[in-house]
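Enquirer: coords please:
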Amino acid sequence: MSGDLVIHGMPNSIRRDGWWLSSSKSENTADAGGDIALPECVTDFPKRRPGALGLLLFLVLLADWLFWEHDRGLSVALFAMALSVAILAMKPGGVRPRQWAMALGFEVLCNLPLIEVLHAMSILFSLSGLVVLAIWVTYDRLLTWWQSLWIAARIATIGVAMLPIFAANEVKGMRAERNMAQRARALVLPMGVGLVFVALLSAANPVLEQYLEQLSRLKFLCAEHIDRGVFWAVLACALWPFLTLDKSWLGSAAAPKKTPRPNAKAKLGLINEESVRTSLVLFNALFLVQTAMDLGVLTGGLALPEGMTYARYAHQGAYPLVATALLAGLFAIATYRMVGRNRLLRVLMLLWIGQNMVLVITAAVRLNLYIEAYSLTNLRVAAFIWMGLVFVALMLTIVQITQGKSLSWLIRSNVIILYGTLYVVCFINFAHVIATYNLQNPNRFGDRDVGYICRMSGQALPAIHAFEAQSGEAFCAEVWRGYPQFEPIENWRDWGFRQWRLQRYLAERSEG
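Expert: Here you go, the predicted structure:
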C-alpha cells in the first residue's frame with residue numbers, strides 16, 4: 001500500500017482549480033528543488049505556442065512607446081485594439097475571417113468612448129470588451145453576467161501571478177541543468193570575436209560609432225531606468241493572462257444546475273407567504289401616506305413645517321426616495337418565486353411597485369425644484385440619470401411579474417439597459433450642458449454660480465463664449481482669474497475627439 005490518501009468522487013471543478021495542491025511530477029508540480037507548481041497549460045504554453053512570448057514582448061514595447069512619459073488619450077484605444085488582435089491571434093484552432101470582423105467590430109464599439117474622451121467610464125467599457133473577448137476565445141461562447149465577473153476576477157488575481165511563477169521555475173530549471181557551465185564556455189568565442197568586429201566596424205562607420213558613444217554615456221540602474229523596468233514588469237504580468245487563456249486556470253463554465261422549486265407551503269425562515277403578505281400590506285400603507293403627503297406639498301394643498309423652504313424640502317427627500325425605491329426592487333427580487341405563486345401577493349406587490357414608481361417621479365420633481373433654486377451640477381445630473389434607471393428597473397419588475405419572466409431575464413435586462421445608458425452618457429459633453437443651463441437659468445438669488453461654471457473644464461468654454469456674446473459682458477475674465485483652463489493637444493498620443501473639437505473651435509475663434 002502506497003500510503004497516499006485517495007478520495008474518490010472528487011468534483012471536477014475542485015480537481016481543476018486545485019492544481020496548486022498537487023504533488024505529482026506528472027502533473028507538472030514541485031520536485032526536490034522546490035519549484036513552484038503551475039498547471040500544464042501554463043508551463044508548456046510557450047513550447048506549444050512560441051508566439052506568445054513574442055507577442056508579449058511586442059505589446060510591452062508598444063505600451064512603452066505609447067505611454068511612457070506621454071499623456072494618455074488615443075494611445076489607450078490603440079493599445080486596447082492591439083491587445084484584442086493578440087488575443088484573437090492566440091485563440092486555439094484559429095479565427096475565421098468572419099469571426100475576425102465581428103470581434104474587431106465589437107472591440108471598436110467598446111473603444112469608441114475612449115476615442116471620444118479618456119475617463120474612468122470609457123476605460124471601463126474598454127476593459128469590459130477585453131474580458132468579453134477573452135471569454136469568447138476561451139469558451140467559444142458568451143457566459144452569464146456572474147460567470148463573466150468570476151472570469152474577470154481570476155484574470156486580475158491568478159492571471160497576473162502566472163508570469164512571475166513561470167519565470168521563477170524557468171530560472172530554477174536552468175540552474176539545475178548540468179551543462180550550464182558548458183553553455184557558458186560556448187559563449188566565450190562568439191562574444192569575444194563579436195566585440196572585435198564591433199570595434200572594427202565602429203571605426204569604419206561614424207554613425208555606428210556615434211550610437212555606441214551614446215550607449216556608453218547611459219547611466220544604467222538610475223531611478224528612471226528602474227521605474228521603467230518596473231513599468232515593463234507590471235505590464236507584462238497584466239498582459240500575460242490574456243495570451244495564455246485556458247479553461248484549466250480560468251475555471252469551468254458549466255451552466256448551473258436548476259434547483260427544484262420549493263414547496264408552496266414550506267416555511268423559509270423569516271421569508272414565507274405570511275410574512276411577505278404582512279410586509280406588503282404594511283409597505284403599501286406607508287407608501288400611500290408618503291405619496292399623499294408628497295402630492296399635497298407639491299400641489300400646494302399641504303403647507304410645509306415652519307422654517308422649511310421648498311429648496312430644503314426638495315433636497316432632503318430626493319435621494320432617500322430613490323434609495324427606498326431601490327430597496328423595494330431588491331425586496332421584489334428576493335420574493336419573486338413566492339409572489340409568482342400567489343395571486344394576492346402578486347396584486348399587493350404590483351401595487352407597491354406602482355407606488356414606488358410614483359415616489360421616483362416625486363423625487364425627480366423635488367430634484368428639479370432644487371436645481372431651479374441652486375443651479376445644475378454634475379452630481380445632480382447623475383442623480384437624474386440614476387432616477388431614470390431605477391424607474392425603468394421598476395417597470396421591468398412589473399413586466400417580470402405579470403409575464404412570468406425569470407429572474408435571470410430581469411437581471412439581464414437591467415444590465416443591458418445600464419450598460420447602454422452609460423455607453424450613451426460617454427458621448428455627452430456634460431460640462432457644456434451644465435454651463436449652458438446655468439447661464440440661461442439664474443438661481444433663486446438671481447446669480448449664475450460664477451464660481452462653479454468658471455472652475456469647470458475647458459469643455460464649458462463654448463457655452464461661456466456664447467453667453468458673453470449674447471450678454472455683452474466678460475463672464476469669467478475678472479472673476480476667478482480668467483476662463484476655465486484649456487490644455488491643447490500636444491501629441492497624437494493624447495488625442496481625443498472631444499478635445500480636438502474644442503481645439504478646432506478655439507482656433508477658428510482666434511482667427512475670426
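Enquirer: State the next helix or strand along the chain beyond the helix or strand harbouring Ala325.
Expert: Assessed by DSSP states H and E, Ala325 sits inside helix 310-334. As assigned by DSSP H and E, the chain's next helix or strand after helix 310-334 is helix 336-341.
Enquirer: And that following helix, how far out from the chain middle?
Expert: The chain centre lies 34 Å from the centre of helix 336-341; the measure is Cα atoms, centre = their mean, to the nearest Å.
Enquirer: buried stuff in that helix?
Expert: Burial within helix 336-341, assessed by neighbour count using 16 or more other Cβ atoms under 10 Å, is assigned to 336, 338-340. Glycine gets a C-beta too; all of them are placed from N, C-alpha and C.
Enquirer: so what's the residue nearest the centre of the chain up against?
Expert: Most central in the chain under Cα atoms, centre = their mean is Leu124, positioned 2.6 Å from the mean C-alpha point. Contact analysis of Leu124 by Cβ atoms under 8 Å, 6 or more residues apart in numbering lists Leu422.
Enquirer: from the buried residues of helix 336-341, which single one is nearest Tyr423?
Expert: Ranked by distance to Tyr423 (Cβ to Cβ), the buried residues of helix 336-341 are led by Tyr336 at 28.0 Å.
Enquirer: mind listing the strands for the stretch 151-300 of the chain?
Expert: Along the stretch 151-300 of the chain, no segments are classed as strands by DSSP state E, counting those that start in this stretch.
Enquirer: Sketch out the low-pLDDT regions of it for me.
Expert: Where the stretch 151-300 of the chain drops to pLDDT under 70, the residues are 170-188, 212, 214-223, 253-271, 297-300.
Enquirer: try the stretch 351-500 of the chain
Expert: Within the stretch 351-500 of the chain, the stretches falling below the threshold (pLDDT under 70) are 444-446, 477-483.
Enquirer: If we use 80, what do you get?
Expert: Under the criterion pLDDT under 80, the flagged ranges of the stretch 351-500 of the chain are 373, 443-451, 472-487.
Enquirer: that older thread, got CSV for the buried residues of helix 336-341, with pLDDT and distance to Leu62 too?
Expert: What follows is the buried residues of helix 336-341, written out as CSV (pLDDT from 0 to 100; distance: Cβ to Cβ, whole Å):
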residue, pLDDT, distance to Leu62
Tyr336, 77, 49
Met338, 80, 55
Val339, 80, 54
Gly340, 75, 53
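Enquirer: Can I get the residues you listed in JSON lines including distance to Thr144?
Expert: Formatted as JSON lines, the buried residues of helix 336-341 follow (distance: Cβ to Cβ, whole Å):
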{"residue": "Tyr336", "distance to Thr144": "18"}
{"residue": "Met338", "distance to Thr144": "24"}
{"residue": "Val339", "distance to Thr144": "23"}
{"residue": "Gly340", "distance to Thr144": "21"}
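Enquirer: burial count for Ala52?
Expert: Number of residues near Ala52 (other Cβ atoms under 10 Å) recorded here: 18.
Enquirer: Now do the helices in the stretch 51-200 of the chain.
Expert: For the stretch 51-200 of the chain, helices defined by DSSP state H, counting those that start in this stretch occupy the ranges 51-67, 74-89, 97-116, 120-139, 145-154, 160-176, 180-186, 188-204.
Enquirer: Buried deepest among those, which one?
Expert: Compared across the helices of the stretch 51-200 of the chain, helix 74-89 shows the largest average neighbour count, a mean of 20 (mean count of other Cβ atoms under 10 Å).
Enquirer: CA-only coordinates of that helix in CSV, if you can.
Expert: Output in CSV follows, covering the C-alpha atoms of helix 74-89 (Å, rounded to 0.1, in the frame of the first residue of the first chain):
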residue,chain,number,x,y,z
LEU,A,74,-6.0,57.9,-28.4
SER,A,75,-3.0,55.8,-27.4
VAL,A,76,-5.1,53.8,-24.9
ALA,A,77,-7.6,52.9,-27.6
LEU,A,78,-4.9,51.9,-30.0
PHE,A,79,-3.2,49.7,-27.4
ALA,A,80,-6.6,48.1,-26.5
MET,A,81,-7.1,47.2,-30.1
ALA,A,82,-3.6,45.8,-30.4
LEU,A,83,-4.2,43.6,-27.4
SER,A,84,-7.5,42.5,-28.9
VAL,A,85,-5.7,41.4,-32.1
ALA,A,86,-3.2,39.5,-29.9
ILE,A,87,-5.9,37.7,-28.0
LEU,A,88,-7.6,36.6,-31.3
ALA,A,89,-4.2,35.5,-32.7
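Enquirer: what helices or strands is that helix leaning on?
Expert: Counting by 3 or more Cβ pairs under 8 Å, 6 or more residues apart in numbering; DSSP states H and E, the packing neighbours recorded for helix 74-89 are helix 51-67, helix 97-116, helix 120-139, helix 223-243.
Enquirer: closest to Ile371 out of the ones you listed?
Expert: helix 120-139 (22.6 Å).
Enquirer: What average pLDDT does that closest one get?
Expert: Per-residue confidence for helix 120-139 averages out to 93 on the pLDDT scale.
Enquirer: now the angle from that helix to helix 97-116?
Expert: 160 degrees (axes from the mean of the first three to the mean of the last three Cα atoms, to 10 degrees).
Enquirer: out of everything not next to it in sequence, what's closest to Ala52?
Expert: Leu243 (4.7 Å; Cβ to Cβ, 6 or more residues apart in numbering).
Enquirer: ok, the one you found touching Phe58?
Expert: No. Checked against Cβ atoms under 8 Å, the pair Leu243 and Phe58 is beyond contact range at 10.6 Å.
Enquirer: And the helices in the stretch 301-450 of the chain?
Expert: Along the stretch 301-450 of the chain, counting by DSSP H, counting those that start in this stretch, helices occupy 310-334, 336-341, 343-374, 378-403, 407-425, 430-440, 450-454.
Enquirer: And the ones you listed: which comes nearest Cys237?
Expert: Using Cβ to Cβ as the criterion, the shortest distance between Cys237 and those is 28.4 Å, found for helix 407-425.
Enquirer: ok, and for the closest one, which residues are buried?
Expert: Of all the residues in helix 407-425, those buried under the rule 16+ other Cβ under 10 Å are 410-411, 413-414, 422-423.
Enquirer: Do I have it right that Arg498 meets Glu116?
Expert: Yes. Between Arg498 and Glu116 a contact is recorded at 5.5 Å, counting by Cβ under 8 Å.
Enquirer: how about Ile411, what does it touch?
Expert: So, once contact is read as Cβ under 8 Å, 6+ apart, Ile411 ends up touching Trp145.
Enquirer: how near is it to Val132?
Expert: Noted for Ile411: a distance of 17 Å to Val132, by Cβ to Cβ, to the nearest Å.
Enquirer: Leu109 now?
Expert: Between Leu109 and Val132 the computed distance is 11 Å (Cβ to Cβ).
Enquirer: burial of Ala325, as a residue count?
Expert: Residues lying near Ala325 (other Cβ under 10 Å) number 23.
Enquirer: Find the nearest non-adjacent residue to it, please.
Expert: Distances taken as Cβ to Cβ, 6+ apart place Asn356 nearest to Ala325, at 4.4 Å, with adjacent residues excluded.
Enquirer: Based on its surroundings, how many neighbours for Met387?
Expert: Met387: 20 surrounding residues under other Cβ under 10 Å.
Enquirer: Could you give the number of residues near the spatially closest residue to Trp409 that is not a sequence neighbour?
Expert: Leaving out its chain neighbours, the residue that sits closest to Trp409 by Cβ to Cβ, 6+ apart is Gln400, at 6.6 Å. Other residues within reach of Gln400, judged by other Cβ under 10 Å, total 20.
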